[in-house]
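Student: Can you look at this prediction? I've put the sequence above it.
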Amino acid sequence: MKHLITTKLAVLYLFLMTVIAGCGGGGGSQSAEVVSGVAAVGAPLAGQVTLKDSSAQPREKSAAIDQDGNFAFDVTGMTAPFIMQAKGSAGGTNHTLHSLAKGSGRANINPLSDLIVASAAGVSDPATAYADPDPAHLRQTGANLAAASTTVLAKLQPLMAQFGVSGIDPITAPFVANHQNMDLMFDQVTVTLSTGAVSIVNKQSGSVICNGSVNNFAAASFNAAGIPVPQAVPVDGQALYTQYCNGCHGSAKQGETALATQGAIDANIGGMGSLSALTAAQVAAIATATAPVATPAPATTPLDGQALYTQYCNGCHGSAKQGKTALATQGAINANIGGMGSLSALTAAQVAAIATTTAPVVTPAPSPACGNCHAIPPATGKHTYHRTRATCANCHGTGYSTTTVNAATHANGAKNLTSNIGWNSTNRTCSNSCHGTESWGL
């Protein structure tokens, strides 16, 4: 139902923005006069706009604000200028804002239009001008509007330049509530009118940027140091989906890519051309929000090889495992050796688990202890002869004694000898200045 209402509003808006023709037999046609705009404070207002003309007995119309902040009035036959009041909420905060159209055309409603209308009307609160619109006063307000706008834009030039909208009229310029440019500025500053005073504050820091009288705004104080640095507002893909897509697609998200979604908008598939104002970032955010959630694969339970052996093998082989490889076991199954073909339903993973369980346990050889290779101190060959005449280090090098070895060079089964003793491993002789060439013996 919400989507149907929104669609009807969009159709009405487009209808009023084109031509309302009345054709009679031989008569001409009359083009509609339309006042339209966007009501926003950063986010679009959710609510309605009312319009009064400058007749002696003011005529009033109401129009709903659509999801993008758009509104439109057919003012054909009504008397300009037109004063407007928007009432609605955005981000959980209620707003009442005003604007003025000198004739048909664009007239946006936002915090700065509220200030400009108050200044042009010479009132402390623009709501009073709307509540009791004197035709002469409205016409004078319309005449003052350009000068009031110039004063506001001149005073706020550094702030507006920071957001790339210097000199842009907030009432008559094209406006999109997309958190960019002037709309982004409204996201980051608060404009407050109260009892004839206006205050513009940095939302993030709380710094006062501008403060002064509504009716003497040219003399307002301005603090350039309080101007915020433009910060992109994070795009909420889920909120965008709910706002723009849920009416047709429901909560069952489609999981389309940003490229596919943009293509559907460009081709106006299913009327999606109405979403052409969405930015690339917004389309991407919707695609991210609607991306299918991958269901993680369930955690696999490791196969219990021992349980499989007990179930399928123990009856024949007993608890004395055979130590066969997975390849050998699978071969026996395939060849039906000993009736093992009955196990053909076992998977490769199960066979591998059985093989792992039945693999023989290798008992590591004990670490050799000192003395396994020779006595301590060594008594082989000429050791006994040399012990009374030389130190172990003379032949074996630094770190060797009757009680120590050099761990860096000592290895079981290998003789660690210095080069100066003239050892010949083939003849098992030593040849040096101490005794010439002598046989080492066993």
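Tutor: Looks like it came in fine. All of these numbers come straight from a predicted model, not from anything done at the bench.

Student: Show me what the helix of greatest length in the chain is packed up against.
Tutor: The residue-count maximum for a helix in the chain (DSSP state H) belongs to helix 135-155. Contacting helix 135-155 under the criterion 3 or more C-beta pairs under 8 Å, 6 or more residues apart in numbering; DSSP states H and E are the following elements: strand 93-101, helix 111-121, helix 126-131. Any C-beta I mention is one placed from the backbone N, CA and C, and that applies to glycine too.

Student: Highest mean neighbour count across the ones you listed, which stretch is it?
Tutor: helix 111-121 (a mean of 26; mean count of other C-beta atoms under 10 Å).

Student: Just the CA atoms of that helix, as CSV, please.
Tutor: C-alpha atoms of helix 111-121 as CSV (Å, rounded to 0.1, in the frame of the first residue of the first chain):
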residue,chain,number,x,y,z
PRO,A,111,16.7,25.9,6.7
LEU,A,112,18.1,28.7,4.5
SER,A,113,14.8,29.4,2.7
ASP,A,114,13.3,29.7,6.2
LEU,A,115,15.9,32.4,7.1
ILE,A,116,15.5,34.2,3.8
VAL,A,117,11.7,34.4,4.0
ALA,A,118,11.9,35.7,7.6
SER,A,119,14.4,38.3,6.6
ALA,A,120,12.4,39.4,3.5
ALA,A,121,9.2,39.5,5.5
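
Student: Give me the contacts around it.
Tutor: Applying C-beta atoms under 8 Å, 6 or more residues apart in numbering, the external contacts of helix 111-121 come out as 41, 83, 97-100, 107, 124-126, 129, 137, 141-142, 144-145, 147-149, 151-152, 156, 170-171, 186, 190-191, 193, 198, 214-215, 217.

Student: From these, keep the buried residues only.
Tutor: Buried members of these, scored by 16 or more other C-beta atoms under 10 Å, are 41, 83, 97-100, 107, 124-126, 129, 137, 141-142, 144-145, 148-149, 151-152, 156, 170-171, 186, 190-191, 193, 198, 214-215, 217.

Student: tally of neighbours for Asp134?
Tutor: 13 (other C-beta atoms under 10 Å).

Student: What's the separation between it and Thr418?
Tutor: Using C-beta to C-beta, to the nearest Å, Asp134 is found at 120 Å from Thr418.

Student: can you check Pro292 too?
Tutor: Using C-beta to C-beta, we find Pro292 at a distance of 75 Å from Thr418.

Student: Among those two, which residue is more densely surrounded?
Tutor: Per other C-beta under 10 Å, whichever of Pro292 and Thr418 has more neighbours is Thr418, with 14 against 8.

Student: For that one, which residues are in contact?
Tutor: Thr418 makes contact with Asn394, Cys395, His396, Gly397 under the criterion C-beta under 8 Å, 6+ apart.

Student: Find the nearest non-adjacent residue to the third one, please.
Tutor: Taking C-beta to C-beta, 6 or more residues apart in numbering as the measure, His396 lies nearest to Asn416, with 5.5 Å between them; neighbours along the chain are not counted.

Student: give the contact list for that neighbour.
Tutor: Residues in contact with Asn416, defined by C-beta under 8 Å, 6+ apart, are His396, Gly397, Tyr400, Asn406, Thr409, His410.

Student: Correct me if wrong: the second one contacts His410.
Tutor: So the one you mean is Gly397. No: with contact defined as C-beta atoms under 8 Å, Gly397 does not reach His410; the gap is 9.9 Å.

Student: Contacts only, for Leu275.
Tutor: With contacts defined as C-beta under 8 Å, 6+ apart, Leu275 is in contact with Tyr244, Ile265.

Student: can you give me the strands for this protein?
Tutor: 34-38, 46-52, 60-64, 70-74, 82-90, 93-101, 105-106, 189-194, 197-202, 208-213, 221-222, 423-424, 429-432, 436-439 (DSSP state E).

Student: quick one: average pLDDT of stretch 72-85?
Tutor: Averaged across stretch 72-85, pLDDT comes to 98.

Student: okay, how far is it across it, tip to tip?
Tutor: 13 Å (C-alpha to C-alpha, to the nearest Å).

Student: Report the separation between the residue nearest to His396 and Cys395.
Tutor: Counting by C-beta to C-beta, the gap from Asn416 to Cys395 is 9 Å.

Student: which two in the contacts of Asn416 are spaced the farthest apart?
Tutor: Gly397 and His410 (9.9 Å; C-beta to C-beta).

Student: What residue spans form the domains of the chain?
Tutor: 33-226, 245-289, 320-358, 383-439 (automatic domain parsing).

Student: Can you name the residues that contact the closest residue to Phe222 other than its chain neighbours?
Tutor: Counting by C-beta to C-beta, 6+ apart, Phe222 lies nearest to Cys210, which is 5.1 Å off, once chain neighbours are set aside. Neighbouring residues of Cys210 by C-beta under 8 Å, 6+ apart: Lys155, Leu156, Leu159, Val198, Ser199, Ile200, Ala220, Ser221, Phe222, Asn223.

Student: ok, the closest residue to the fourth one other than its chain neighbours - contacts?
Tutor: Counting by C-beta to C-beta, 6+ apart, Val214 is the residue found nearest to Val198 once chain neighbours are left out, at 5.2 Å. Val214 makes contacts with Leu115, Ala118, Ser119, Val123, Ser124, Leu193, Gly196, Ala197, Val198, as judged by C-beta under 8 Å, 6+ apart.

Student: Now flag whichever of the residues you listed is closest to Gln282.
Tutor: Gln282 has its nearest neighbour among the contacts of Val214 in Leu115, at 29.1 Å by C-beta to C-beta.
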